[in-house]
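Q: what's the 3D shape of this:
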Amino acid sequence: MESIERIFRSIKDFLSVPIFTLGETQLTLWTFLYLLVFLLLLIYISGKLKNWVSGRLLARSSLQVGMRIAIGSMLRYLVVVIGLLVLLQTAGIDLTTLNVLAGAIGIGVGFGLQTIANNFISGLIILFEGPVKIGDRIEIGDVEGDVARVGTLSTSVVTNDNITIIIPNARLISDNIINWSHNDEVVRFKIPLSVAYGSDIKLVEKLLLEVAAEDDDILDDPPPFVILREFGDSGLHFELRVWSGTLTHRKGRLISKINVAVYERFQKNGIEIPFPQRDIHIRTNTPGDKPDSLPE
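A: Sure, this is the predicted structure:
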């Protein structure tokens with residue numbers, strides 16, 4: 001029994017060895033161990049609290065998912081900050097001695113951490129306002145995919161190739177974003193196509209509407225329609241406009257299906273797909289004639 005007491009006493013003496021002094025407080029190994037253990041416990045409990053608030057407590061409310069996550073995140077940060085202050089006080093650290101350190105951190109945030117602070121504030125704006133939500137189909141720059149996660153610093157977008165692209169939240173606030181499913185899943189697709197000059201315009205319109213009517217992924221209401229967009233250099237440029245609520249996240253598949261069906265229908269009905277062509281006129285001069293291109 002005495003040997004066990006000696007072991008505990010030696011451990012206590014080892015942990016009580018001062019490492020350095022902060023103000024009037026001597027920081028020991030026990031102080032750092034105490035702060036580390038309870039800080040990890042604080043982070044764990046605050047994470048559980050965030051999930052409970054956003055996933056259960058507010059689940060029955062009319063708040064959107066992004067708003068519930070934002071409230072849970074803010075509550076977690078508040079709990080961590082208050083808990084950290086309590087931990088420092090209970091560890092015997094005088095907070096007034098940290099004024100210099102807080103000033104240095106403030107300068108660091110002002111200069112070196114501007115990007116992180118910008119992304120953090122942008123993330124809170126996204127979570128509260130909800131311009132981009134989990135499950136939305138967005139297009140920003142050359143990135144197109146489904147929003148899988150909205151964090152405080154970045155947003156994860158999964159493309160159709162199952163590749164996750166991490167986008168800083170500041171881009172989602174400053175850049176123009178195409179959100180295909182912001183209001184609902186029903187969107188209109190514009191499918192351009194061309195036919196050769198001399199084609200029967202009424203027949204072309206009839207065939208395009210037939211193709212649209214036979215596709216199960218195209219809605220009857222609003223109805224599809226066809227417009228003659230312009231007279232091109234090599235043919236007539238049409239545009240088939242259709243509405244779909246099932247392939248909003250797979251627009252390439254819808255356009256491909258329509259293009260294949262249109263091509264087959266045109267072939268059966270003798271509608272020619274144009275190709276670039278030019279008429280070349282060659283002028284020749286007989287001996288003794290003055291070339292037209294020479295000045296008088």
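
Q: The top helix by length along the chain - what's its average pLDDT?
A: Looking across the chain with DSSP state H, the single longest helix is helix 65-90. Per-residue pLDDT over helix 65-90 has a mean of 79.

Q: Next: stretch 246-254.
A: On average, stretch 246-254 scores 85.

Q: What's the end-to-end length of that stretch?
A: With Cα to Cα, to the nearest Å as the measure, the first residue of stretch 246-254 is 10 Å from its last.

Q: gap between the helix or strand hosting residue 210 and the chain center?
A: Using DSSP states H and E, residue 210 sits within helix 201-214. Distance of helix 201-214 from the chain centroid (Cα atoms, centre = their mean, to the nearest Å) equals 37 Å.

Q: cool, stretch 218-235 as well?
A: 31 Å.

Q: quick one: buried residues of it?
A: In terms of neighbour count (16 or more other Cβ atoms under 10 Å), stretch 218-235 has its buried residues at 218-219, 224, 226, 235. The C-beta positions use only the backbone N, C-alpha and C, and glycine is treated the same way.

Q: Residue ranges in the chain under the pLDDT threshold?
A: 1-26, 63-66, 94-113, 277, 285-296 (pLDDT under 70).

Q: What are the buried residues along the helix or strand containing residue 50?
A: Assigned by DSSP H and E, residue 50 falls within helix 29-52. By neighbour count with 16+ other Cβ under 10 Å, helix 29-52 contains the buried residues 31, 34-35, 38, 42, 46, 50.

Q: And stretch 122-133, by the same measure?
A: 122-123, 125-128, 130, 132-133.

Q: sorry, back to before: identify all contacting residues around the helix holding residue 210.
A: Residues outside helix 201-214 that contact it (Cβ atoms under 8 Å, 6 or more residues apart in numbering): 193, 195, 218, 220, 224-226, 228, 236, 238, 240, 242, 258, 261-262, 265-266, 269, 271.

Q: Just the ones in strands from those, please.
A: 193, 195, 225-226, 228, 236, 238, 240, 242 (DSSP state E).

Q: And the furthest pair within those?
A: Maximum pairwise distance in these, criterion Cβ to Cβ, is 19.3 Å, between 236 and 242.

Q: Compare those two and say which is more crowded by neighbours.
A: Counted by other Cβ atoms under 10 Å, residue 236 and residue 242 do not tie: residue 242 has more neighbours, with 26 against 19.

Q: measure the more buried one to residue 28 for me?
A: Using Cβ to Cβ, to the nearest Å, residue 242 is found at 73 Å from residue 28.

Q: try residue 71
A: Distance from residue 71 to residue 28, by Cβ to Cβ: 39 Å.

Q: try residue 238
A: Taking Cβ to Cβ, one finds residue 238 at 81 Å from residue 28.

Q: Tell me, how many residues neighbour residue 191?
A: So residue 191, with other Cβ under 10 Å, has 20 neighbours.

Q: With the one 5 residues further on instead?
A: Residue 196 is surrounded by 14 other residues when neighbours are defined as other Cβ under 10 Å.

Q: Alright, I will stop here.
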